[in-house]
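S.K.: all I have is the shape, not the residue letters:
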């Protein structure tokens, strides 16, 4: 564990624990109105209101947000680019329906990436950063006792992003941000409730091994943690009978 003051390339700010992990694209290239629509759709998915396959008609969204269809179309295209929705020819946009193969590939890529990040963290982390990680773990633990799984999931994701920041590699940070966004979508859509305690414990074990300089063990626990998260995915969820406005929290 390093005790020197680090001078590393500035990285994009990680999402705050109070906000979902949004794809980087949402902070640039969209107007305030477009970002609002993007966030509304994204959060309805993350909060499990919008099931996979939920239809997102351009005209209905245009009416709900009071904007032209061209605005809605641009946002849907960005959501499709970020893997949140699918644009189906002659059928319009729907909330993404990840296939088992896509899910496997996303988690495989994430395991490989985080296996590269953990050794860099162990090499470069400072005492102050370690203390900050411990504080974040305490916040995670506190949320375990509250009935807000999406809020816990957002904080859990930010733990992984914080490790990537400490690693000090901007490209690894950027790629992990994209993968976590995709994983968060899959988990929000398909993971059954009641699994948070195990994941928090695994985060704590990773930090324990990093603090002791046990890099191989830290990588092993992280890999097992992500494998366990993938195993809990059940690609089956019923459609909601609510209106689009209710699903998006606008009615």
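M.R.: Right, received. Where do you want to start? These numbers come from a predicted model, not from an experiment.
S.K.: so where is the stretch 51-200 of the chain shaky, pLDDT-wise?
M.R.: Within the stretch 51-200 of the chain, the segments meeting pLDDT under 70 span 144-155, 191-199.
S.K.: tell me where it has helices.
M.R.: For the stretch 51-200 of the chain, the helices defined by DSSP state H, counting those that start in this stretch cover 58-65, 69-81, 100-124, 127-143, 149-167, 170-190, 196-212.
S.K.: can you list the buried residues in the shortest one?
M.R.: Of all the residues in helix 58-65, those buried under the rule 16 or more other Cβ atoms under 10 Å are 58, 60-62, 64-65. For every residue, glycine as well, the C-beta is placed using N, CA and C.
S.K.: centre of the chain to it, how far?
M.R.: 26 Å (Cα atoms, centre = their mean, to the nearest Å).
S.K.: if you count contacts, what does that helix end up packed against?
M.R.: Using 3 or more Cβ pairs under 8 Å, 6 or more residues apart in numbering; DSSP states H and E, the elements in contact with helix 58-65 are helix 32-46, helix 69-81, helix 244-247.
S.K.: now do that helix against helix 69-81, angle only.
M.R.: Here helix 58-65 runs at an angle of 110 degrees relative to helix 69-81 (axes from the mean of the first three to the mean of the last three Cα atoms, to 10 degrees).
S.K.: follow-up on the earlier one: can I get the helices and strands packed on helix 58-65 in a markdown table with distance to residue 222 and mean neighbour count?
M.R.: Shown next, in a markdown table, are these (distance: least, Cβ to Cβ, whole Å; neighbours: other Cβ atoms under 10 Å):
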| stretch | distance to residue 222 | mean neighbour count |
| --- | --- | --- |
| helix 32-46 | 23 | 19 |
| helix 69-81 | 28 | 18 |
| helix 244-247 | 35 | 16 |
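S.K.: need the ones you listed in TSV (columns: distance to residue 224).
M.R.: Compiled in TSV, these are given as follows (distance: least, Cβ to Cβ, whole Å):
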stretch	distance to residue 224
helix 32-46	25
helix 69-81	32
helix 244-247	35
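S.K.: closest to residue 220 out of these?
M.R.: Closest approach to residue 220 among the helices and strands packed on helix 58-65 is made by helix 32-46 (29.5 Å; Cβ to Cβ).
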